[in-house]
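Student: curious how this folds, go ahead:
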Amino acid sequence: MIHLFLKAKHWQLFILLFGIPMVFQGGFMGTMISSILNESGPDLDSLFSMMKFMPIVFGLFTILYFCWFWSVGIGLNRLLPAGLKQKSGLFKAALIFPFFYMFFFFGFIGFMFVSLSSEMAPVNGGMMFLIFPLHLLAMACMIYTLYFLAKTFKTAELRREVRFSDFIGEFFMFWFYPIGMWFIQPKVNEMFKQGPIEDSLEEPSEFVD
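Tutor: Predicted coordinates:
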């Protein structure tokens, strides 16, 4: 799986991770607006039925998004010489927790819509109280994930120890991935093609523009 994402072209990732989800979202929003503007009034039953499936659809694309992050972080770290490799245990945990939290959150949203469209009991307030700290923890995990990805990427590119000031640009490119992947993924392709980086770090990086 890692090799597939490291070899994927930037435009392929853009279509897979951003283009197709936006088409789904645009179609859903168009249908919802059309239903609301209908002269006979919005068909709430149809809208709630559609909303129940949206978490499933976006959950599938979330899997691909996390697979790309996992592949870049683990794949590029494996290419680094021993002296530059990062400990990836915290990165794996920081990426896995938001992954499962996303499905919990999507399931929670789906349950809310089911509850609103049926005679089921309303959502318990304790569940809402639980969501808040989990959401904050997931956000902290994602920030660390972006940090690890950017640092690993820049270390492989420069072939030396790096500071945050060296990879702050890459940090934001991973954050705003629909734009950033057009700059990051071509270099990832080249790094993967070249294979493991030698221990001799005096040579200038051939990946730097």
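
Student: okay, CA-based contacts and neighbour counts for the rest of this
Tutor: Noted.

Student: just checking, what packs against the helix or strand of the chain with the lowest mean pLDDT?
Tutor: When the helices and strands of the chain are scored by mean pLDDT, DSSP states H and E, helix 20-36 comes last with a mean of 78. Helix 20-36 is packed against helix 44-79, with contacts defined by 3 or more C-alpha pairs under 8 Å, 6 or more residues apart in numbering; DSSP states H and E.

Student: after the helix it packs on comes which helix or strand?
Tutor: Where DSSP states H and E defines the elements, the next helix or strand beyond helix 44-79 is helix 89-116.

Student: hmm, who's touching the strand or helix carrying residue 178?
Tutor: Assessed by DSSP H and E, residue 178 sits inside helix 177-194. Helix 177-194 has contacts (C-alpha atoms under 8 Å, 6 or more residues apart in numbering) with 6-11, 13-14, 17-18, 72, 76, 79, 153, 156-157, 170, 172-174, 207.

Student: tell me how many other residues surround residue 105.
Tutor: 17 (other C-alpha atoms under 10 Å).

Student: got it, and residue 129?
Tutor: Count around residue 129 with other C-alpha under 10 Å applied: 10.

Student: contacts only, for the most centrally placed residue in the chain.
Tutor: The residue lying closest to the centre of the chain (C-alpha atoms, centre = their mean) is residue 65, at 3.9 Å. Residue 65 sits next to residue 17 when contact means C-alpha under 8 Å, 6+ apart.

Student: residue 145 against residue 95, yeah?
Tutor: Yes - between residue 145 and residue 95 there is a contact at 6.2 Å, judged by C-alpha atoms under 8 Å.

Student: tell me which of the two has more neighbours.
Tutor: residue 145 (26 against 21).

Student: if I look at that one, how far off is residue 106?
Tutor: 21 Å (C-alpha to C-alpha, to the nearest Å).

Student: quick one on the thing from earlier: in helices, which of the contacts of helix 177-194 appear?
Tutor: The helices, defined by DSSP state H, take in 6-7, 10-11, 13-14, 72, 76, 79, 153, 156-157, 170, 172-174 from the contacts of helix 177-194.

Student: now, of those, which are buried?
Tutor: 6-7, 10, 13-14, 72, 76, 79, 153, 156-157, 170, 173-174 (16 or more other C-alpha atoms under 10 Å).

Student: need those in a markdown table with pLDDT and distance to residue 32, can you?
Tutor: Formatted as a markdown table, these follow (pLDDT from 0 to 100; distance: C-alpha to C-alpha, whole Å):
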| residue | pLDDT | distance to residue 32 |
| --- | --- | --- |
| 6 | 94 | 37 |
| 7 | 93 | 38 |
| 10 | 95 | 32 |
| 13 | 94 | 28 |
| 14 | 94 | 26 |
| 72 | 96 | 37 |
| 76 | 95 | 43 |
| 79 | 94 | 47 |
| 153 | 97 | 41 |
| 156 | 94 | 46 |
| 157 | 94 | 46 |
| 170 | 96 | 37 |
| 173 | 97 | 32 |
| 174 | 97 | 31 |
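
Student: the residues you listed: which two are farthest apart?
Tutor: Within those, 14 and 79 form the most distant pair, 24.4 Å apart (C-alpha to C-alpha).

Student: need the contact list for residue 138.
Tutor: Residue 138 makes contacts with 94, 97-98, 101, as judged by C-alpha under 8 Å, 6+ apart.
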